[in-house]
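Peer 1: Got a predicted model here, sequence first, then my questions.
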Amino acid sequence: TTLFRSDLAILKIQDEEYEPVATLPYSIKKSTVNLGEELFTLGYPREQIVYNMGYLSAESGFDGDTSSCQISLSANPGNSGGPVFNKNGEIIGILSTRQTQAEGVVFAIKSKNIFKMVDELKDDTSVQKIKMPVNTSLKGRNRVEQIKEVQDYVFLVKAYNQK
């Protein structure tokens, strides 16, 4: 089988002390986002979580890439891999790259690609069943409440090159 290729990864936690979360406060949106829609991100450009707000500025990514979209917001190295939320607390994408020649031009992999990747993993018997969050408890809440609720579910992941 050919798996979907992108800048997405699913990590498996192998820690006896880890307790899985029964219900996540956010959901992942399958459908598209509207041009001009307000968005926010949480990420780790440094050792603590950082919030940014912006809007969808183009429905496609760099050079017309339809698997990603363009967002107008300030992002730094370390924001990559962070979720992009809409006003309802639904993930609409994952931050991937930024355009270095322009200020505030960031690209995100569209969330429909998360579903595509998970669907393609269903045939892999070495992968446990992945349950996708379908409901959000963040809809209708103000931004500060949304951030307080979701920040414990956004993690700093460090990768080390072992030789």
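Peer 2: Thanks, I have it. Numbering: from 1, shown residues only.
Peer 1: Sketch out the strands for the chain, chain order is fine.
Peer 2: 27-28, 38-43, 50-58, 68-72, 83-86, 90-98, 105-110 (DSSP state E).
Peer 1: quick check: mean pLDDT across the last one?
Peer 2: Confidence over strand 105-110 (mean pLDDT, whole number) is 88.
Peer 1: Let the chain start at 704 from now.
Peer 2: New numbering, starting at 704: the last item is strand 808-813.
Peer 1: rewinding a little: would you turn the strands of the chain into TSV with mean neighbour count?
Peer 2: Quick note: C-beta positions are derived from backbone N, CA and C, even for glycine. Shown next, in TSV, are the strands of the chain (neighbours: other CB atoms under 10 Å):
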stretch	mean neighbour count
strand 730-731	20
strand 741-746	20
strand 753-761	17
strand 771-775	22
strand 786-789	24
strand 793-801	22
strand 808-813	24
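Peer 1: Tell me the pLDDT of Ile850.
Peer 2: 95.
Peer 1: how much space between the residue nearest to it when sequence neighbours are not counted and Ala778?
Peer 2: Once flanking residues are discounted, Ile850 sits nearest to Tyr754: 6.0 Å by CB to CB, 6 or more residues apart in numbering. Per CB to CB, to the nearest Å, Tyr754 is found 12 Å from Ala778.
Peer 1: circling back: of the strands of the chain, which is nearest Arg846?
Peer 2: strand 741-746 (6.9 Å; CB to CB).
Peer 1: that older thread, is the residue nearest to Ile850 bridged to anything, and to what?
Peer 2: In this entry, Tyr754 is beta-bridged to Leu745, by DSSP bridges.
Peer 1: distance of it from Asn779?
Peer 2: 13 Å.
Peer 1: Please apply the same query to Phe858.
Peer 2: On the measure of CB to CB, Phe858 and Asn779 end up 17 Å apart.
Peer 1: now the strands of the chain as a markdown table including distance to Tyr863?
Peer 2: Shown next, in a markdown table, are those (distance: least, CB to CB, whole Å):
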| stretch | distance to Tyr863 |
| --- | --- |
| strand 730-731 | 28 |
| strand 741-746 | 19 |
| strand 753-761 | 22 |
| strand 771-775 | 27 |
| strand 786-789 | 23 |
| strand 793-801 | 21 |
| strand 808-813 | 23 |
